[in-house]
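Visitor: Just the structure for this:
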Amino acid sequence: MFNAEQLLGKMMAEMVGSGTGYKKQKKHKGGSMMHSLTSTLLSGKGLMTAIGLGVGAYEILKSKQEMAPPPVSSTPFTPPSGMAYVATSSSAKNVSVPPPLPGVAVNPLKDQVASGWDEDLALRLIQVMIAAAHADGRMDSEEEGKVLEKLQGQGISQEEKRFILAEMHDPKSIEHLVAGISDPRVAQTMYGLAVSAVVVDTVEERAWLDKLATALSISEGMRRFIEEEG
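Guide: Next up, the predicted model:
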């Protein structure tokens, strides 16, 4: 059996590196989560660490977008009578400190980890990307060939190629993809990968992504944020 985490890293490296989805050309926006996930997976640090770092990047970006800059007073600070005041670099300017990334030692799936879960989850994440590319039901043999040709540059094995082809011919249902997924960070990762794998330009694709987001209990605000950054 091939290593599912490695295959996921290869597929994401192609997606992030070339800016292409699995079905159509897509201009990638830089997606901090996708880059964090890809680099961590390819470095061999593990899927759970990749999820923690990737979602951490999302949360930092989201907090920066939502945080309004504090008002700057034009009136010089005057210390109370009898109190000495020493200016510091932090008092001279506003410093925005992003929240820390999730600790890599913490397993985001601590409540549902079981033997082999990393591999099972990696397979699920691969399957969600392929299913998203099939959301409008219009991937033909020529398009499948182009996908495999691009991935060949990432050094996929014959076994990996057979697995990808099998999934392309029989993409999994949303019900299958989300079964057992309860951690919000894993849900965000899954939705982010689905968004990155397809350009939403048909009613069917929009409906499929909306259904996936609902099944994963992703809020409307987070949904929009993931799609904008993905």
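
Visitor: low pLDDT regions in this protein?
Guide: Along the chain, the parts satisfying pLDDT under 70 run over 16-31, 67-117, 140, 230.

Visitor: Need the single longest helix in it, by residues.
Guide: helix 47-66 (DSSP state H).

Visitor: Could you name the helices and strands sitting against that helix?
Guide: Counting contacts by 3 or more CB pairs under 8 Å, 6 or more residues apart in numbering; DSSP states H and E, helix 47-66 is packed against helix 32-42, helix 117-133, helix 184-196, helix 220-229. In this view, the C-beta of every residue, glycine as well, is placed from N, C-alpha and C.

Visitor: Run the chain-centre distance for it.
Guide: Averaging C-alpha positions (CA atoms, centre = their mean, to the nearest Å) puts helix 47-66 9 Å from its chain's average.

Visitor: Between helix 220-229 and that helix, find me the angle.
Guide: Counting by axes from the mean of the first three to the mean of the last three CA atoms, to 10 degrees, helix 47-66 lies at 100 degrees to helix 220-229.

Visitor: mind listing what's buried in helix 47-66?
Guide: Neighbour-count burial for helix 47-66 flags 47-59, 61 (criterion: 16 or more other CB atoms under 10 Å).

Visitor: Please tell me how far the residue lying closest to G9 once chain neighbours are set aside sits from A122.
Guide: Spatial nearest neighbour of G9, chain neighbours left out: L41 (3.5 Å); criterion: CB to CB, 6 or more residues apart in numbering. Look at L41 and A122: by CB to CB, to the nearest Å, they are 9 Å apart.

Visitor: so what sits against both of these two?
Guide: In terms of CB atoms under 8 Å, 6 or more residues apart in numbering, L41 and A122 are both contacted by the residues 5, 8, 47.

Visitor: quick one, phi/psi of V198?
Guide: Backbone geometry at V198, expressed as degrees, to the nearest 10, gives phi -150, psi 150.

Visitor: Pretty sure it sits against A132.
Guide: Yes - between V198 and A132 there is a contact under CB atoms under 8 Å: 4.6 Å.

Visitor: Would you mind finding the most buried of the helices and strands packed on helix 47-66?
Guide: helix 184-196 (a mean of 24; mean count of other CB atoms under 10 Å).

Visitor: so how far is that one from its chain's centroid?
Guide: With CA atoms, centre = their mean as the basis, helix 184-196 stands 5 Å off its chain's centre.
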